[in-house]
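**Student:** Please find the sequence and the predicted model below.
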Amino acid sequence: MTEHLNRLTPRQIVFELDQYIIGQNDAKRNVAIALRNRWRRMNSPADIQKEIIPNNILMIGATGVGKTEIARRLAKIADAPFVKVEASKFTEVGYVGRDVESMVRDLVEQAVGMVRMQKKEEVKIKAEQAVEDIILDALIPPVHVSGTPRVKTENGNDDMPDDDGELNQRTRERFREKIRNGELDSRKIEIEVQQNQAPNVGMIGGAVDDVSMMNIQEMIGNMMPRRGKKRKVTVEEARKILLDEEASKLIDMDEVKVEAIKKAENLGIIFIDEIDKVASSRSGGGGGPDVSREGVQRDLLPIVEGSAVNTKHGVINTDHILFVAAGAFHVSKPSDLIPELQGRFPIRVELNSLTESDFYQILKTPKNALTKQYEAMMESEGVELIFEDGALREMAKIAFEVNSEVENIGARRLQTVMSLLLNDFMFDIPDVIGADSQITVTADMVGEKLSHLVKNRDLSQYIL
């Protein structure tokens with residue numbers, strides 16, 4: 001589990017983040033250290049490991065400056081289970097709505113999915129062989145009593161009759177090669193697909209919590225027989241359907257659950273967005289919505305401090321999960337959070353507002369830059385899209401000016417700018433602008449198409 005993290009030094013982590021996120025060096029450094037500390041803890045002496053708690057991070061910054069992207073990319077770099085939740089969606093225990101423990105259960109589900117995919121990859125060769133045998137059995141049924149096997153053609157007639165089992169085996173091997181080469185992909189065969197017959201469960205009487213309901217449904221699902229349903233599909237479709245089914249049969253789900261919980265406990269990252277929305281104003285009175293907000297904070301506290309949470313896959317301890325919280329804190333401030341919760345986010349990072357130069361770099365540098373996304377979409381239609389450097393600078397200038405004069409939505413403003421600039425072209429492709437065409441975006445074109453954005457102060461229709 002720690003081999004991958006071993007290769008990721010703090011500098012390498014920042015380098016990886018730089019491929020997608022412009023600026024915010026302070027935030028990148030802090031999350032890089034936090035990630036490396038996980039490897040350091042897991043490689044510390046056993047008697048001290050449990051005592052080393054993660055330094056949870058509170059990111060403070062306006063919308064669209066990269067808070068969510070930093071956390072999401074960090075999880076991808078670490079190959080770690082990652083869940084993003086919005087604090088404003090939670091309700092205090094006893095009220096209708098999502099309880100805070102649901103984010104931990106979601107994290108475990110993510111971990112189970114990741115481990116299951118990893119295990120399926122490990123047994124892929126065996127699963128592929130089993131799928132080939134099933135497809136061959138569908139194409140070449142077992143030897144008849146008379147000793148003459150038959151090969152089913154696409155129209156259902158028999159073909160290539162053999163005289164004995166040896167010839168039948170040779171026929172199977174020839175057909176196996178044809179399956180591997182894709183020569184039979186379009187041929188229709190009949191296969192049996194397993195279906196779980198577990199019904200939807202409704203409860204009459206008292207309230208049942210989410211975990212109990214999930215456990216009841218899983219128990220009933222395990223008790224119900226799995227029935228096979230006949231389906232007529234092509235060999236290509238059969239290979240996809242059966243591969244997942246056969247791989248699942250080769251996996252020990254109990255082992256998957258144990259590994260997944262361990263992965264979630266040691267590598268899991270929970271990103272709590274809009275934490276400022278549950279901050280209570282200290283100057284206000286003692287009632288109203290502030291009471292509910294403080295209740296959510298108090299429910300969050302034991303999860304962040306470290307507690308045991310029941311999930312349908314087992315009990316998970318949250319002591320070493322890394323929590324990253326974020327908020328704009330326009331109306332409230334971090335000190336409006338209850339002191340106990342503040343203390344559980346010892347690292348505070350303030351993200352900078354984006355400058356015109358940042359917008360230019362965001363359009364030009366990242367691997368997933370909007371310009372590259374539009375280039376890829378047009379390339380799928382056979383149209384080449386080219387952005388002149390002056391055009392990128394003009395778009396950055398307009399996005400910055402609109403953010404300054406209306407509402408600052410950070411880098412998300414660039415999506416508005418790009419959409420308004422290129423929508424006419426996107427509509428005309430491929431009917432008017434055919435394949436092998438070229439579109440060059442110049443600074444003059446940007447100024448002409450987007451000048452009204454800066455002149456028109458009432459831009460509510462363009463705000464994302």
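**Tutor:** Right, received. Where do you want to start?
**Student:** which regions of this structure lie under the pLDDT threshold?
**Tutor:** 1-6, 92-97, 142-165, 167, 195-228, 281-291, 454-464 (pLDDT under 70).
**Student:** quick one: residue 339 and residue 428, what's the gap?
**Tutor:** Counting by C-beta to C-beta, to the nearest Å, the separation of residue 339 from residue 428 is 59 Å. Glycine gets a C-beta too; all of them are placed from N, C-alpha and C.
**Student:** Between the two, which is the more surrounded one?
**Tutor:** Counted by other C-beta atoms under 10 Å, residue 339 and residue 428 do not tie: residue 428 has more neighbours, with 14 against 7.
**Student:** Distance of the more buried one relative to residue 385?
**Tutor:** 13 Å.
**Student:** Check the chain and tell me which residue is nearest its centre.
**Tutor:** The residue lying closest to the centre of the chain (C-alpha atoms, centre = their mean) is residue 82, at 7.6 Å.
**Student:** For it, give the beta-bridge partners.
**Tutor:** Residue 82 forms beta bridges with residue 269, as assigned by DSSP bridges.
**Student:** got a list of what the residue nearest to residue 410 when sequence neighbours are not counted touches?
**Tutor:** Among residues not flanking residue 410 along the chain, residue 64 sits closest, at 2.0 Å (C-beta to C-beta, 6 or more residues apart in numbering). Contacts for residue 64 were tallied using C-beta atoms under 8 Å, 6 or more residues apart in numbering; they are 354, 408, 409, 410, 411, 412, 413.
**Student:** In this protein, where's the longest helix?
**Tutor:** Longest helix of the chain, by residue count under DSSP state H: helix 101-122.
**Student:** for that one, packing partners?
**Tutor:** When contacts are defined as 3 or more C-beta pairs under 8 Å, 6 or more residues apart in numbering; DSSP states H and E, helix 101-122 packs onto strand 82-86, helix 210-223, helix 235-250, helix 253-267, strand 269-273, helix 289-305, strand 308-311, strand 314-317.
**Student:** out of the ones you listed, which comes closest to residue 121?
**Tutor:** Judged by C-beta to C-beta, the one of the helices and strands packed on helix 101-122 that comes nearest to residue 121 is helix 235-250, at 8.6 Å.
**Student:** could you say what helices and strands the closest one packs with?
**Tutor:** Secondary elements touching helix 235-250 (3+ C-beta pairs under 8 Å, 6+ apart): helix 101-122, helix 124-139, strand 188-196.
**Student:** Export those as JSON lines, with columns for distance to residue 14 and mean neighbour count.
**Tutor:** What follows is these, written out as JSON lines (distance: least, C-beta to C-beta, whole Å; neighbours: other C-beta atoms under 10 Å):
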{"stretch": "helix 101-122", "distance to residue 14": "24", "mean neighbour count": "19"}
{"stretch": "helix 124-139", "distance to residue 14": "34", "mean neighbour count": "17"}
{"stretch": "strand 188-196", "distance to residue 14": "46", "mean neighbour count": "15"}
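**Student:** Turn those into a markdown table, columns for distance to residue 41.
**Tutor:** Converted to a markdown table, those look like this (distance: least, C-beta to C-beta, whole Å):
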| stretch | distance to residue 41 |
| --- | --- |
| helix 101-122 | 18 |
| helix 124-139 | 33 |
| strand 188-196 | 40 |
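**Student:** Those: which one's closest to residue 350?
**Tutor:** That would be helix 101-122 among the helices and strands packed on helix 235-250, by C-beta to C-beta, at 24.6 Å.
**Student:** what's the angle from the closest one to helix 253-267?
**Tutor:** If you take axes from the mean of the first three to the mean of the last three C-alpha atoms, to 10 degrees, helix 101-122 sits at 120 degrees to helix 253-267.
**Student:** Mind listing residues that contact helix 101-122?
**Tutor:** Residues outside helix 101-122 that contact it (C-beta under 8 Å, 6+ apart) are 79, 81-83, 85, 127, 210-211, 244, 247-248, 251, 253, 255-257, 259-261, 263-264, 268, 270, 272, 303, 309, 311-313, 316, 318, 321.
**Student:** got a list of what residue 132 touches?
**Tutor:** Taking C-beta under 8 Å, 6+ apart as the criterion, residue 132 is in contact with 176, 179, 180.
**Student:** what about 6 Å?
**Tutor:** 176, 179 (C-beta atoms under 6 Å, 6 or more residues apart in numbering).
**Student:** ok, and for stretch 166-178, which residues are buried?
**Tutor:** Neighbour-count burial for stretch 166-178, counted by 16 or more other C-beta atoms under 10 Å, picks out 168, 171, 172, 175, 176.
**Student:** which two from those residues end up farthest apart in space?
**Tutor:** The most distant members of the buried residues of stretch 166-178, if one measures by C-beta to C-beta, are 168 and 176, lying 12.5 Å apart.
**Student:** that older thread, so the residue nearest to residue 410: helix, strand or coil?
**Tutor:** coil (DSSP: H, G, I helix; E, B strand; the rest coil).
**Student:** And it, how far from residue 359?
**Tutor:** 11 Å.
**Student:** now residue 402
**Tutor:** Distance from residue 402 to residue 359, by C-beta to C-beta: 11 Å.
**Student:** The residue nearest to residue 9 when sequence neighbours are not counted: neighbour count?
**Tutor:** Sequence neighbours aside, residue 36 is the residue nearest to residue 9 in space, at 6.7 Å (criterion: C-beta to C-beta, 6+ apart). Residues lying near residue 36 (other C-beta under 10 Å) number 19.
**Student:** Surely residue 36 and residue 12 touch.
**Tutor:** No. Using C-beta atoms under 6 Å as the test, residue 36 is too far from residue 12 to be in contact (9.3 Å).
**Student:** And the host helix or strand of residue 419, what's buried?
**Tutor:** Taking DSSP states H and E as the definition, residue 419 sits inside helix 413-428. For helix 413-428, the neighbour count (16+ other C-beta under 10 Å) marks 413, 414, 416, 417, 418, 421, 422, 425 as buried.
**Student:** Turn the residues you listed into a markdown table, columns for distance to residue 189.
**Tutor:** Converted to a markdown table, these look like this (distance: C-beta to C-beta, whole Å):
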| residue | distance to residue 189 |
| --- | --- |
| 413 | 53 |
| 414 | 50 |
| 416 | 51 |
| 417 | 52 |
| 418 | 47 |
| 421 | 50 |
| 422 | 46 |
| 425 | 45 |
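**Student:** Out of those, which is nearest to residue 335?
**Tutor:** Using C-beta to C-beta, residue 413 is the member of those that sits closest to residue 335, with 29.9 Å.
**Student:** what's around the residue lying closest to the closest one once chain neighbours are set aside, how many residues?
**Tutor:** Spatial nearest neighbour of residue 413, chain neighbours left out: residue 399 (4.5 Å); criterion: C-beta to C-beta, 6+ apart. Using other C-beta under 10 Å, residue 399 is surrounded by 29 other residues.
**Student:** Likewise for residue 435?
**Tutor:** Residue 435 has 9 nearby residues by other C-beta under 10 Å.
**Student:** wait, what's in contact with it?
**Tutor:** residue 382.
**Student:** swap the cut-off to 8 Å and go again
**Tutor:** So residue 435 contacts 381, 382, 383 (C-beta under 8 Å, 6+ apart).
**Student:** which of these has the most neighbours?
**Tutor:** The residue in these with the most neighbours, by other C-beta under 10 Å, is residue 383 (21 neighbours).
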